[in-house]
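# take this sequence and fold it.
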Amino acid sequence: MGIADVIPGVSGGTLALILGIYSRFIGAISSIGPALLKTIFGREFWRRLVRGLKSPGEEGDDVIGAHASNVLFLGFLGLGIVGAVLIGARFIPDLLDRYPAQMKGLFLGLVAASVVIPYRAMDRTRRSSAHPIHVGLTVVFAVATFFIVGLPLNQTGNATGSVTLSFAKPTEAPVRLTVQGTLFMTSTHGGENQKREVVFAPNVDVDVPAGSTSFTTGVRARMMGAGGNLPAASVVVARGDGLPEGATVSNPAETTGGVNPSLLFLFIAGFIAISAMVLPGISGSFLLLVMGLYHFVTYSTRAAVYDRDSQAFLWVGVFTFGMICGILLFSRLLHWLLKRHHDATMAVLAGIMVGSLRKLWPFSQTGTDGLPENVLPGAFDSTVLVTACLCLGGALIVTLLERAGRRASAA
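So this is what the prediction gives:
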């Protein structure tokens, strides 16, 4: 679940559903509240907690035992998620940058094969003849999710400007600069870690003509905020496949137009993002991208942790408060829906997962607006072959995990 939540477009809720712990997960989160806090201060709770650590399942069936069981469940699940996030944040962004089609193919197979899981979770007496209401809910939410994941990214608060590339010798062939693959960065922290530097990308894909010794192109900051408003000569690192060795870059004039998000917007974004993370098929990271806050939040988190930036502490604190409110309120709603309208809820989850497949399509090109558009592969080459194999591999992984989850639930 932690690794999934690192990836924009993949939901940790999907993995919880695959492993058969989704209802348990939602129920445990929804139990967090005044009653749990009151129970924690009693000695009996700690006795049950220790008993559950020694012999899982022996916490008891009463209220105190249920709270102890939920705390143990969330505690160990949280350890796994945090560990996976720390590991995944180190390797997954690089894999997504280097092998975008192949990685998306893997995730496409994972999610596509998972669509059958909510169906299997429905009441067995209704599976043979799908209830018309459930079919309608699946279709409606599939269409709605398909539309949501296709929304353009909000870039209204991102700084803009231009950079000039200089080459040690005239380019022997055209050099392709792309929105997705070419980065221009500051070097405040050594110019190596994207999440700690201010990163710019070309406004559109563009070719540097052969024989060029320099080239100027318009750029836009990847993150929202005034942190992208930089003086001249601040952008000094160029990265991207195909750039000639020895290429240098600098911004000849200041970059402008970056606007910090309001604290209310950050709170709402945290509320929405964490709520989406518990829904199979919808990624909280992706919704942050749509709102234009994904890079701002990751950059601010690094600034708070490593640079002790007081303003970044405020932004991260407000965002975290929104996440806490979101998970507590939304989990209660989901818990109620699963108890009162289980099959209808599963039909909705299946629709969300189907609609989310649009975001995971592995082949894309940059449109005239500088944003990626899904396309069919132009030719059957090694990239297409590897992507197809990884897609099938992802489906196989889900099948094996789902069977393991069913065996664990039955044990």
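# which stretches of this protein form strands?
With strands called from DSSP state E, the chain shows them at 158-166, 175-177, 183-185, 199-202, 206-208, 214-224, 237-239, 248-250, 364-366, 372-374.
# what's the domain layout of this structure?
2-152+263-410, 158-250 (automatic domain parsing).
# which one of those domains lies nearest to Gly257?
domain 158-250 (5.0 Å; CB to CB). Any C-beta I mention is one placed from the backbone N, CA and C, and that applies to glycine too.
# shaky segments in the stretch 51-200 of the chain?
89-90, 93-94, 97, 123-130 (pLDDT under 70).
# ok, back up a step: I'd like the strands of the chain as a markdown table, with distance to Leu95 and mean neighbour count appended.
Formatted as a markdown table, the strands of the chain follow (distance: least, CB to CB, whole Å; neighbours: other CB atoms under 10 Å):
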| stretch | distance to Leu95 | mean neighbour count |
| --- | --- | --- |
| strand 158-166 | 25 | 20 |
| strand 175-177 | 21 | 20 |
| strand 183-185 | 16 | 24 |
| strand 199-202 | 18 | 24 |
| strand 206-208 | 26 | 17 |
| strand 214-224 | 18 | 20 |
| strand 237-239 | 16 | 18 |
| strand 248-250 | 25 | 17 |
| strand 364-366 | 17 | 15 |
| strand 372-374 | 17 | 14 |
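# and Pro8, what's its pLDDT?
pLDDT, Pro8: 63.
# from Ile133, how far off is the nearest residue to Ala16 once chain neighbours are set aside?
In space, Ala16 comes closest to Tyr22 once its chain neighbours are excluded; the distance is 4.4 Å by CB to CB, 6 or more residues apart in numbering. Taking CB to CB, to the nearest Å as the criterion, Tyr22 is separated from Ile133 by 21 Å.
# so the two - more neighbours on which side?
Tyr22 (24 against 11; other CB atoms under 10 Å).
# OK, contacts around that one?
Gly13, Ala16, Pro280 (CB atoms under 8 Å, 6 or more residues apart in numbering).
# what's the neighbour count on His295?
22.
# surely it and Gly228 touch.
No - counting by CB atoms under 8 Å, His295 stays clear of Gly228, with 9.7 Å between them.
# re the thing from before, now render the contacts of Tyr22 as JSON lines, adding distance to Asp205.
JSON lines is the format used below for the contacts of Tyr22 (distance: CB to CB, whole Å):
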{"residue": "Gly13", "distance to Asp205": "34"}
{"residue": "Ala16", "distance to Asp205": "38"}
{"residue": "Pro280", "distance to Asp205": "34"}
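# measure Ser114 to Ser285 for me?
From Ser114 to Ser285 the distance is 18 Å (CB to CB).
# more neighbours, those two?
Ser114 (25 against 21).
# and the more buried one, how far is that from Phe296?
30 Å.
# likewise for Ser69?
Taken as CB to CB, the span from Ser69 to Phe296 is 38 Å.
# filter the contacts of Tyr22 to the buried ones?
Buried members of those, scored by 16 or more other CB atoms under 10 Å, are Gly13, Ala16, Pro280.
# closest to Cys325 out of the residues you listed?
Gly13 (18.3 Å).
# show me the helices in the stretch 101-250 of the chain, by range?
When secondary structure is read from DSSP state H, counting those that start in this stretch, the stretch 101-250 of the chain shows helices at 116-120, 124-127, 132-148.
# looking at the ones you listed, which is buried most?
Across the helices of the stretch 101-250 of the chain, averaging neighbours per residue (mean count of other CB atoms under 10 Å) puts helix 116-120 on top, at a mean of 18.
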